[in-house]
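In: Quick one: sequence plus predicted model below, questions after.
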Amino acid sequence: MGNFKIGVPRALLYYEYSLLWIDFLEGLGAEVIVSSPTTKELLDLGVKSAISEVCLPVKVFYGHVMSLKDKVDFLFVPRMVCVEKGAYFCPKFLGLPDMLKSSLSPLPPLIEPTIDVRKSATNFKNAFLEVGKSITSNSKKIYCSFIQAQKNFWLYSAANKLEEGDLNQLQINQPINKSSKGEGISLNVALIGHSYLLDDSFVNLNLISKLKKAGVNILTAEMVSKKEIEKQLKKLYKPLFWTLSKKTVGAALYFLEKKIDGIIHLSTFECGEDSLVGEIIRQESHKYPSVAYTEFVFDEHTGEAGINTRTEAFLDMIIRRKIYESNHT
Amino acid sequence: MKVTIPNLGNITLIAAKSLFVNLGHEVIMPPPNSKRTLDLGVRYAPEYCCLPLKIVLGNFIEGLEKGADTLLMVGGWGPCRFGYYAETQKRILKSLGYKFEMISLEVPRGNLLHQLHYVHRLMNKNSFSTLIKSFRLAWAQVVAIEDLEQEALRTRPREKIKGETTKILQAGFSLMERAQSVEEVEKIKQKTLKNLERIKDQGKEDLIKIKLVGEFYVALEPFVNHNIEEKLGYLGVEVERGVSVQPWVTSALNLNFLKGGQKKEGPVEKAARPYLPHSVGGEGQPTVGNVVLASERGLDGAIQVIPFTCMPEIVAETVVKKVSEDLDFPVLTLIYDEQTGEEGLVTRLEAFVDLLKSKKLNRCLT
């Protein structure tokens, strides 16, 4: 088969698996087209084509698919069901290809491998090899390209993790004199939430650059090692059964335990997982009164000014507390 | 141990209650679902979690107020949020300062000891034969209740005097509550069926038939769905239920988890296959399958009832839109939350039924 184009929407699990997917598909000799970062027009397209009840990230996904569908020969929309024992993805990921096919037509043919390691431990690999077979008949090329992609993916995932002691170093308890009004104070704030919220600066309204501009040291769940997350999750009476939420909760508990300055939980309106997970984190945060905690809920109507105000108020609160504490100890 | 069980139509009111009473527990049922139940749930539950969690939380609070000290719930392992209800509710109630024990029955997974402890508590030092006897009675009641309710749905649009069906049903259920043996349950069921048959207007044969599908709790709890079955009955519509407690209990008791957790594909899942080949948790896939089957069997339409923000049913809703288009089969999706008003619902139901009637008339004329 010649040179054909495979479209990968820049939304949802793209932010978790893009490296693996793109390396693999490109390794097979396909031209991979990733949709451009989210814009207002893209979101509007999504809002128009999806039913009103779905959550914002899925609407964004619809928008990306709409922008790609006339430019590519295939769309890569894997059905991610289960990648670890005892945990699933959100039901909307389980039915994502079917939702697309039901509400958008005509669509280019979908490449929709089902990834479900409950069936067999090698299902993850096999699903990809199966995809490869539909693209090229060279089985050696398929295998090598998967192994290479997976290696890169693992290397990347393992990088940038916080080591024991890193956080203590970050915790700069520099003396603050009475006259300073907060300048020069370095704050450690953790942003937790789904990667498709954190990494999509249109959806989260440039929250990250806002915090950076304010001189905040941003920590994310990506920086917490898997082992640490598993350890933290043992605190829950009943294990969680959502892969993405496990990461969120584990990281939140870790940052709480390390008593960093503040935690912002990003979620979207109508997010099923976050409605329960948010409650857990909120209640756990009560046990650590020294850690400031707030929750930002985004939907397609969220305005930037509102987020600015809330971010500023949140940071001011932390700074004021720090100044107060340093003057009274 | 004073046990309270959340409301779920007549199922928990009669069957679940009888099971635990026969095991020697004191059962304190929460008061029937009311505006207050909903308000309590809405006040303390997370804002955008689904309606069933809120109502059940309200039930628990009202049960605890009446003096219960043990809350009984069922759990699961996802991907639907329902599996984590008990855990969340426990946290919320504890933070409100209530003292209680939460018994959440579920298929054990890594927490076998907890589950065995729960079962041991519920057995209440009874012998296994008592347990089996009590369970058989409760199961007979479940089957009888569901059969009677289904028959009532056929009878109501045909009743000669409005309200008669509900009256007979209520009389049957209040007898059923006191039944002490499987034979007695069967006798009451047969008698009630006969009574229902008697009030039917045999002339009315060709009625509009609607399949009721959607999320389990909303479909089965009359307070939550604003008594949709009765309302449709009075509009002259025969309703066929697409959800039932029975398969839910049998799949848990069949010990599916020992067989690797992979359920066999039934006729409903098979029907859903062209549109939704994979389970999405909850009743998502059965909803799609039931709509396809209803269309094949020549019913006139389907109504999907879902709580606002329900994850599996939103997938199903998207897919059902396509099914409805492809098969030219009208489907009305009703989304319930704490704001749902009675009048708005009635208007939508009437409009939908009118549409089905005119569609049927057109088909007869051509």
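Out: Great, that's in hand. Model, not experiment: these values are computed from the prediction.

In: tell me the centre residue of chain A?
Out: A:Ser195 (0.8 Å; Cα atoms, centre = their mean).

In: which SS class is B:Pro46?
Out: Each residue gets one of three states, and B:Pro46 gets coil by DSSP: H, G, I helix; E, B strand; the rest coil.

In: mind listing what it touches?
Out: Residues in contact with B:Pro46 (Cβ atoms under 8 Å, 6 or more residues apart in numbering or on different chains) are A:275-276, A:278-279, B:88. For every residue, glycine as well, the C-beta is placed using N, CA and C.

In: 10 Å instead, please
Out: Counting by Cβ atoms under 10 Å, 6 or more residues apart in numbering or on different chains, B:Pro46 touches A:274-280, A:282, B:53-54, B:88, B:92.

In: Adding pLDDT, write the residues you listed out as JSON lines.
Out: JSON lines is the format used below for these (pLDDT from 0 to 100):
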{"residue": "A:Asp274", "pLDDT": "91"}
{"residue": "A:Ser275", "pLDDT": "91"}
{"residue": "A:Leu276", "pLDDT": "92"}
{"residue": "A:Val277", "pLDDT": "92"}
{"residue": "A:Gly278", "pLDDT": "92"}
{"residue": "A:Glu279", "pLDDT": "92"}
{"residue": "A:Ile280", "pLDDT": "93"}
{"residue": "A:Arg282", "pLDDT": "93"}
{"residue": "B:Leu53", "pLDDT": "94"}
{"residue": "B:Lys54", "pLDDT": "95"}
{"residue": "B:Thr88", "pLDDT": "93"}
{"residue": "B:Ile92", "pLDDT": "95"}
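
In: Surely the residue nearest to the centre of chain A touches A:Leu244?
Out: Yes. Contact criterion Cβ atoms under 10 Å: A:Ser195 and A:Leu244 qualify, at 7.8 Å.

In: before we move on, back to that, keep only those of the contacts of B:Pro46 that are in strands.
Out: Of the contacts of B:Pro46, none are assigned to strands by DSSP state E.

In: For the stretch 151-300 of chain B, which segments count as strands?
Out: For the stretch 151-300 of chain B, the strands defined by DSSP state E, counting those that start in this stretch cover B:208-214, B:237-241.

In: Tally up the residues packed near residue 221, please.
Out: Going with chain A. 23 (other Cβ atoms under 10 Å in any protein chain shown).

In: Sorry, I should have been clearer: chain B.
Out: 21.

In: Look up how far chain A lies from the one residue sitting closest to the centre of chain B.
Out: For chain B, B:Leu220 is the residue whose C-alpha lies nearest the centre (Cα atoms, centre = their mean; 2.8 Å). Using Cβ to the nearest Cβ, to the nearest Å, B:Leu220 is found at 20 Å from chain A.

In: show me what contacts that residue?
Out: Here B:Leu220 is in contact with B:8-11, B:146, B:149, B:212, B:214, B:229, B:241, B:243-245, B:305 (Cβ under 10 Å, 6+ apart).

In: For my notes, please list the strands of the stretch 151-300 of chain B in TSV and give mean pLDDT and mean neighbour count for each entry.
Out: TSV is the format used below for the strands of the stretch 151-300 of chain B (pLDDT from 0 to 100; neighbours: other Cβ atoms under 10 Å in any protein chain shown):
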stretch	mean pLDDT	mean neighbour count
strand B:208-214	95	25
strand B:237-241	94	20
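
In: Let me know which of those strands is the nearest to chain A.
Out: strand B:208-214 (13.0 Å; Cβ to the nearest Cβ).

In: where's that closest one relative to the chain centroid, distance-wise?
Out: Strand B:208-214 has its C-alpha centroid displaced from the chain centroid by 14 Å (Cα atoms, centre = their mean, to the nearest Å).

In: Specify the residue positioned farthest from the middle of chain B.
Out: B:Thr366 (38.9 Å).

In: And the pLDDT at that one?
Out: Looking at B:Thr366, its pLDDT stands at 77.

In: returning to that earlier point: now the closest residue to the residue nearest to the centre of chain A other than its chain neighbours: how far from chain B?
Out: Excluding its sequence neighbours, the residue lying closest to A:Ser195 (Cβ to Cβ, 6 or more residues apart in numbering or on different chains) is A:Tyr15, at 4.1 Å. Going from A:Tyr15 to chain B by Cβ to the nearest Cβ gives 20 Å.

In: elements contacting the host helix or strand of A:Tyr15?
Out: Following DSSP states H and E, the helix or strand that holds A:Tyr15 is helix A:14-27. Under the contact definition 3 or more Cβ pairs under 10 Å, 6 or more residues apart in numbering or on different chains; DSSP states H and E, helix A:14-27 sits against strand A:5-8, strand A:31-34, helix A:56-68, strand A:74-76, helix A:123-135, helix A:139-158, helix A:195-198, helix A:243-257.

In: can you redo these as CSV with mean pLDDT and distance to B:Leu113?
Out: Output for these, formatted as CSV (pLDDT from 0 to 100; distance: least, Cβ to Cβ, whole Å):
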stretch, mean pLDDT, distance to B:Leu113
strand A:5-8, 93, 45
strand A:31-34, 93, 48
helix A:56-68, 95, 38
strand A:74-76, 93, 44
helix A:123-135, 86, 30
helix A:139-158, 88, 34
helix A:195-198, 92, 35
helix A:243-257, 94, 22
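
In: Sweet, I'm off.
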